[in-house]
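A.B. asks: Fold the following, please.
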Amino acid sequence: MTEPRAGLKVGIIGAGPTGLAAAYDLARAGARVTVFEAGGQVGGLAAGFRAEGWEWSLEKFYHHWFQTDSAIIGLARDLGVSDKLMWPRPKTVIYYKGGWHTFDSFVTIPLFLLRHFPLTDFIRFGLAGVQLRFSNNWKPLEAVTAAEWSREHFGERLYDVLWRPMLVGKFGEENLEVVNMAWLWARLHTRTTRLGTFEGGFQAFMETLAEAVAAQGVTINLNTGARQVRQNPGGWTIETSSEPGSFDAVISTTSPQAMLRLAPDLPAAYRDQLTGLRSLGAVVMVLTLKERLTDAYWHNLPKEAGFPFLALVEHTNYIDRSHYGGDHVVYCGDYLPAEHEYFKLDSEQLLERFLPGLQRFNPAFDRSWVKNIWVWKAEYAQPIPTLNHSAKLPAIRTPLNGLYFASMSQVYPWDRGTNYAVQMGRDLAAQVLREVKPAA
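C.D. replies: Got it, this is the predicted structure:
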């Protein structure tokens, strides 16, 4: 058990899952914690919004949990809200040869493979899948690309249909031979067909966590961006858009690019590691429709099929539309370089790009079905894990004593997500409590 640290002052930059989870454990151990959040609400990339007439909030960027997400389940238990976790089993489909095929269970996946591929491919899929599912030894996999490993072990046909579209969709053609196999291992190793959410939406979960954090005496400053962090003789100063604060330790949960701006005194070698972290942004359009578009929740779309987005997610085929005023809610999302033109288009312009793709899901679809449009953009949304990535990651404890950096890049080898963000935050809180002492 971590030693209580009464009097320890910790400043946290960012009120997303990592920052709030760290604040929760630090405050329970007696630390005095202040959180600074540039936005107007808690949640980070897991934050949601609520339209008029909606009972629940909706995530700006589509989210769900898996039944193996032990950090989220554990935190919900600690907060006393385990009964509000929900585990529906929605339908996932894959696009193949101009049609949609169910691809989401130990029954539908084998049936799809047996119908469309030789028995040898089916056997190779099973053997490779078992190896990835039951082996915990991911380290050797980061020395080979996901493209190379999956071609060799699954075979060229399954690679072309299953894994190449996923890799190109997530990271772009230019990164196809860059992403390491440990990333794909992590996606296949623990994920489940039942998907989780929280009663009221992810924003409700984040606000529940924020309320518990505040009840421990933590101050959460919204609309208060951190401008710079500097070391001083007594610890650290966080300069913000309001009054500066003085702390024994500072945790930054920003992007690597923001960390470079925040901490100009970081040594050159550490700054080089931050600069070397590559990532993609995300552009997501949320639509409310008068009619149901499809009968599935998640649609895996190969770029080669010519869809103008990576994924179509019909949220109300997962969560009952009664929580959203009877609206049918659809996401159209993509991971893209920050310079991509989608980042420059407004909602109407982007909808015009997406309309032909939407019509391919349902021939009856018409522009008149669209009721409302929201577009959400984030320039830092998907880290790109390259070969031997673990050796390139900057340490969470920076070379400057008392300054910590925890970004979604550092949940590697796991893919970014709120479960691993929470785990990182709680682990970091324990680390700070071990390593930092209050100023005399």
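A.B. asks: the helices in the stretch 1-150 of the chain, which residues?
C.D. replies: For the stretch 1-150 of the chain, the helices defined by DSSP state H, counting those that start in this stretch cover 17-28, 70-79, 108-116, 119-134, 146-154.
A.B. asks: packing partners for the longest one?
C.D. replies: This points to helix 119-134. When contacts are defined as 3 or more CB pairs under 8 Å, 6 or more residues apart in numbering; DSSP states H and E, helix 119-134 packs onto helix 108-116, helix 146-154, helix 156-158, helix 181-189. (Each C-beta comes from the backbone N, C-alpha and C, glycine too.)
A.B. asks: of those, which approaches residue 421 most closely?
C.D. replies: helix 181-189 (14.4 Å; CB to CB).
A.B. asks: Just the buried positions in the top helix by length along the chain, please.
C.D. replies: Taking DSSP state H as the criterion, the chain has its longest helix at helix 418-435. Of the residues in helix 418-435, 418-429, 431-433 count as buried by neighbour count, 16 or more other CB atoms under 10 Å.
A.B. asks: Pick the most deeply packed of the helices of the stretch 1-150 of the chain.
C.D. replies: Mean neighbours per residue, mean count of other CB atoms under 10 Å, is largest over the helices of the stretch 1-150 of the chain for helix 17-28, with a mean of 26.
A.B. asks: Show me what it is in contact with.
C.D. replies: Outside helix 17-28, the residues within contact range by CB atoms under 8 Å, 6 or more residues apart in numbering are 8, 10, 12-13, 33, 35, 37, 42-44, 46, 75, 78, 206, 209-210, 212-213, 216-218, 220, 251, 253, 406, 418, 421-426, 428-430, 432-433.
A.B. asks: can you do 7 Å?
C.D. replies: For helix 17-28, contacts defined as CB atoms under 7 Å, 6 or more residues apart in numbering pick out 10, 12, 33, 35, 42, 44, 46, 75, 206, 209-210, 212-213, 216-218, 251, 253, 406, 418, 421-422, 424-426, 428-430, 432-433.
A.B. asks: Dump stretch 380-398 to PDB, keeping only the CA atoms.
C.D. replies: This file holds the C-alpha atoms of stretch 380-398, laid out as PDB (Å, rounded to 0.1, in the frame of the first residue of the first chain):
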ATOM      1  CA  TYR A 380      -3.900  14.100 -31.900                       C
ATOM      2  CA  ALA A 381      -6.100  10.900 -31.900                       C
ATOM      3  CA  GLN A 382      -4.200   7.800 -33.100                       C
ATOM      4  CA  PRO A 383      -0.500   7.200 -32.200                       C
ATOM      5  CA  ILE A 384       1.500   5.300 -34.800                       C
ATOM      6  CA  PRO A 385       3.500   2.500 -33.200                       C
ATOM      7  CA  THR A 386       6.600   1.900 -35.400                       C
ATOM      8  CA  LEU A 387       9.100  -0.900 -35.200                       C
ATOM      9  CA  ASN A 388      10.700  -1.400 -31.800                       C
ATOM     10  CA  HIS A 389       8.400   1.300 -30.500                       C
ATOM     11  CA  SER A 390       9.000   0.600 -26.800                       C
ATOM     12  CA  ALA A 391      12.600   1.700 -27.100                       C
ATOM     13  CA  LYS A 392      11.500   5.000 -28.600                       C
ATOM     14  CA  LEU A 393       8.900   6.000 -26.000                       C
ATOM     15  CA  PRO A 394       9.700   8.900 -23.700                       C
ATOM     16  CA  ALA A 395       9.600   7.800 -20.000                       C
ATOM     17  CA  ILE A 396       6.500   8.900 -18.100                       C
ATOM     18  CA  ARG A 397       8.900  10.300 -15.500                       C
ATOM     19  CA  THR A 398      10.800  13.100 -17.400                       C
END
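A.B. asks: buried residues in it?
C.D. replies: 380-387, 389, 392-394, 396-398.
A.B. asks: now, among the buried residues of helix 418-435, which is nearest to residue 301?
C.D. replies: residue 418 (23.8 Å).
A.B. asks: Identify the spatial nearest neighbour of the closest one, chain neighbours not counted.
C.D. replies: residue 17 (4.6 Å; CB to CB, 6 or more residues apart in numbering).
A.B. asks: Also residue 60?
C.D. replies: residue 376 (4.1 Å).
A.B. asks: Three-state assignment for the one you found, please.
C.D. replies: The three-state assignment at residue 376 reads strand, by DSSP: H, G, I helix; E, B strand; the rest coil.
A.B. asks: so how far is residue 247 from residue 385?
C.D. replies: 32 Å (CB to CB, to the nearest Å).
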